[in-house]
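*Asks:* structure of the sequence below:
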Amino acid sequence: MVWKVIASSIKQQVQDINGADHTLENDMYNIINGVMMVVGIVAVIVIIVGGVNYATSQGDPSKVTKGKKVLIGGIVGLIIVLLAFAIVNFVLKAL
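*Replies:* Got it, this is the predicted structure:
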């Protein structure tokens, strides 16, 4: 699913280069969406790493705690990215 989003983003950027109207608003929108996409992918990777750490802790309390902290941090980060994405898109469309 992530790859479809990346492919459509690249396709849109190629279409923009080939003849779309370049405005500052469109360029800002594309840059912000690209950054949000990269940060979202990083947050998902952090969630996966935290889950693997938690699952492979073998009952060691320090590893369980570390896995939980990484997992919660990744989830909070993903929520922040999604909220920021929604706010930025709302503001840019309101302009």
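*Asks:* and the helix or strand containing residue 72, what does it pack onto?
*Replies:* With elements taken from DSSP states H and E, the one containing residue 72 is helix 61-94. In this structure, helix 61-94 packs against helix 24-55, with contacts taken as 3 or more C-beta pairs under 8 Å, 6 or more residues apart in numbering; DSSP states H and E. Placement of C-beta: from N, CA and C, glycine included.
*Asks:* now the helix it packs on against helix 61-94, angle please.
*Replies:* 160 degrees (axes from the mean of the first three to the mean of the last three C-alpha atoms, to 10 degrees).
*Asks:* quick one: helix 24-55 to chain centroid distance?
*Replies:* Its chain's C-alpha centre lies 2 Å from the corresponding centre of helix 24-55 when counted by C-alpha atoms, centre = their mean, to the nearest Å.
*Asks:* nearest the middle, which residue of the chain would you pick?
*Replies:* When the chain is reduced to its mean C-alpha position, the nearest residue by C-alpha atoms, centre = their mean turns out to be residue 40, at 1.2 Å.
*Asks:* you'd agree it is up against residue 83?
*Replies:* No - contact status for residue 40 versus residue 83: not in contact, 11.5 Å apart, counting by C-beta atoms under 8 Å.
*Asks:* circling back to that earlier point, residue contacts, the closest residue to the residue nearest to the centre of the chain other than its chain neighbours?
*Replies:* When the adjacent residues along the chain are set aside, residue 40 lies closest to residue 81, with 4.9 Å between them (C-beta to C-beta, 6 or more residues apart in numbering). Listed by C-beta atoms under 8 Å, 6 or more residues apart in numbering, the contact set of residue 81 reads 36, 39-40, 43.
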